[in-house]
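J.: Any chance you can model this:
(chains A and B)
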Amino acid sequence: MPTLRDIRKKIKAIQGTKKITSAMKMVAAAKLRKVQDSMLRYRPYATKMQQVLADLAGAVETRGDVPPILLRRPVKTVEVLVMTSDKGLCGAFNTNILRAAHKEINRLKGEGLNIVLSVVGRKARDYFKRRDFQLKNVWTGISGKLQYTHAQMIAQEMINAYVTEAVDEVVVIFNEFKSVIAQRVVINRLLPIGRIDSTPAEQPTFIPFTYEPRAPELFAMLLPIYIEIQIYRALLESQAAEEAARMTAMDNATKNCDELIRKTTLLANKVRQASITKELMDIVGGVEALKQSEG
Amino acid sequence: MENKLTLEVITPYGELINEQVDEVYATGAEGDFGVFPGHCAFMTALRIGSLSYKKDGQTQYVFINRGYCEVLNDRVLVLVGSAEKVEEIDVERAKAALARAEERLRKAQAGEADIDHARAQAALERATIRIQLATKLIPR
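T.: Purely as a prediction, here's the structure:
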């Protein structure tokens, strides 16, 4: 039977933990709001740029000059880009993505393809290093201070690898932010660019633009931006999903603390009552004994 | 009413500028260009450089990164990876970046380090233009 003092100490400890987890939950909520705000600010740029590229693609298609990053070739080597977080304490966020990534890699290997692996986030780096994977690129320290230049840097690496034919396909695996309680693992092909998605053009009529440089060259200059846009979106999604997962995990931890405190308090009360009962019995026993010796 | 241009500068961090202006100048892939109301439909890529616009006789300068520009029906749409108004430029940071880029290029020339030449060159260019803009060295 633990002593009352021990139990009280334990309750204090749990209360301390609860304070930390509920503070972390609030921090995660604030960060999530920040990322969501960035996503909102980012939307006009992404949609307009996609629109421009889709229009240009239409203008260029008819002429037959295809930029190299649109060209498809037989796939022998696939680059896999996995996005995780740097820090833990976010529930199954990293486990889910790493399990999905590992499965996808095994599937691709099963098809006889070579795999080149690049990762974002410490968690992915540690996971794959422990399993003796070769990592081509490792980007850490991005979460929390994500900039568009990060996406540009990553896009540049991927495009270089594709254009120099070091890899024949690039896929990205990341957590998509569905809602605060739901994240979804997404596997997207980045390169080669298939069709450029966009909303239907506002003005379907042909506009005689003056292109400078000529349309095919302009298109080739702007195409890397399409990759940047997708990578930046994936990074934003992943961050939002991370903070949402952390928020949920910390919320659950706080609830567990409440439950533990309730149970431990119950135990403390029982122990206290037991000791009072014991003392009473001792006193009563003593009185009885005295009575008997007097009488 | 006199004809005006609508200038929109949009970056991944949001809309930087959305104003009615009189004239716009920018650095295109094939040289500087100017836009007045009534300009023909025009599309170009933008280089790292400066964008300026005139409004009520006042000229404002903006630093822009690589990007895209289109002119259509008196609307100038600029989509760039990053852009800063002159008063928002952090000169100290730009100076530090300039020193860093110069150092890297020097090392590369001396064969001491293997670096990404294009990236260092771009960093040098960005820093130089930021400093020039912030210290009003670019006359128009």
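
J.: ok, the residue most central in space within chain B to A:Lys103 distance?
T.: Note on chain B: the residue nearest the mean C-alpha position is B:Ile64, at 2.4 Å, using Cα atoms, centre = their mean. Separation of B:Ile64 from A:Lys103 (Cβ to Cβ, to the nearest Å) stands at 43 Å. In this view, the C-beta of every residue, glycine as well, is placed from N, C-alpha and C.

J.: What of A:Asn256?
T.: 30 Å.

J.: close to chain B, is the helix or strand harbouring A:Met49?
T.: Element membership for A:Met49, per DSSP states H and E: helix A:4-61. Yes: residues of helix A:4-61 contacting chain B under Cβ under 8 Å from any Cβ of the partner chain: A:Ser38, A:Arg41, A:Tyr42, A:Pro44, A:Tyr45, A:Ala46, A:Lys48, A:Met49, A:Val52, A:Leu56.

J.: Tell me the one among those nearest to chain B.
T.: For those, the residue nearest chain B by Cβ to the nearest Cβ is A:Arg41; the value is 3.7 Å.

J.: ok, how many other residues are close to the closest one?
T.: When neighbours are counted by other Cβ atoms under 10 Å in any protein chain shown, A:Arg41 registers 15.

J.: Around chain B, pick out the residues from the stretch 151-295 of chain A.
T.: Counting by Cβ under 8 Å from any Cβ, the stretch 151-295 of chain A sits next to chain B at A:152, A:156, A:207-213, A:218, A:221-222, A:225, A:228, A:232.

J.: Surely A:Gly112 is in a helix?
T.: No: using DSSP: H, G, I helix; E, B strand; the rest coil, the assignment for A:Gly112 is coil, not a helix.

J.: Now do it, the pLDDT please.
T.: Per-residue confidence (pLDDT) for A:Gly112: 91.

J.: The residue in chain B positioned nearest to chain A bridge partners, please.
T.: Going by Cβ to the nearest Cβ, chain A is nearest to B:Gly14 of chain B, at 3.7 Å. Taking DSSP bridges, one finds B:Thr11 as the beta-bridge partners of B:Gly14.

J.: Which strands or helices does the worst-scoring helix or strand of chain A on mean pLDDT pack on?
T.: None of the helices or strands of chain A scores lower by mean pLDDT, DSSP states H and E than strand A:210-212, at a mean of 84. The criterion is 3 or more Cβ pairs under 8 Å, 6 or more residues apart in numbering or on different chains; DSSP states H and E, and the helices and strands that strand A:210-212 contacts are strand B:42-55.

J.: what ranges do the strands span in chain A?
T.: Along chain A, counting by DSSP state E, strands occupy A:77-83, A:114-120, A:135-139, A:169-177, A:183-191, A:210-212.

J.: Mean neighbour count added to these, as a markdown table?
T.: Converted to a markdown table, the strands of chain A look like this (neighbours: other Cβ atoms under 10 Å in any protein chain shown):
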| stretch | mean neighbour count |
| --- | --- |
| strand A:77-83 | 24 |
| strand A:114-120 | 20 |
| strand A:135-139 | 16 |
| strand A:169-177 | 23 |
| strand A:183-191 | 18 |
| strand A:210-212 | 16 |
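
J.: which two from the residues of the stretch 151-295 of chain A next to chain B end up farthest apart in space?
T.: Of all pairs drawn from those, the greatest distance, 33.5 Å, lies between A:Gln156 and A:Pro208 (Cβ to Cβ).

J.: Neighbour count: the two, which is higher?
T.: A:Gln156 (16 against 6).

J.: Which residues are in contact with the more buried one?
T.: A:Pro224, B:Arg119 (Cβ atoms under 8 Å, 6 or more residues apart in numbering or on different chains).

J.: Check B:Leu105 too.
T.: Contacts of B:Leu105 (Cβ under 8 Å, 6+ apart): B:Ile115, B:His117, B:Ala120, B:Gln121, B:Leu124.

J.: What is the burial count for the second one?
T.: Looking back up the chat, that one is B:His117. 12.

J.: Please apply the same query to A:Arg43.
T.: Count around A:Arg43 with other Cβ under 10 Å applied: 13.

J.: And it, how close does it get to A:Asp37?
T.: 11 Å.

J.: Same question for A:Ala215.
T.: From A:Ala215 to A:Asp37 the distance is 36 Å (Cβ to Cβ).

J.: now what about stretch B:81-99, what contacts it?
T.: In contact with stretch B:81-99 (Cβ under 8 Å, 6+ apart) are residues A:148-149, A:152, A:225, A:228, B:9, B:11-13, B:16-17, B:51, B:60-67, B:123-124, B:126-128, B:130-131, B:133-135.
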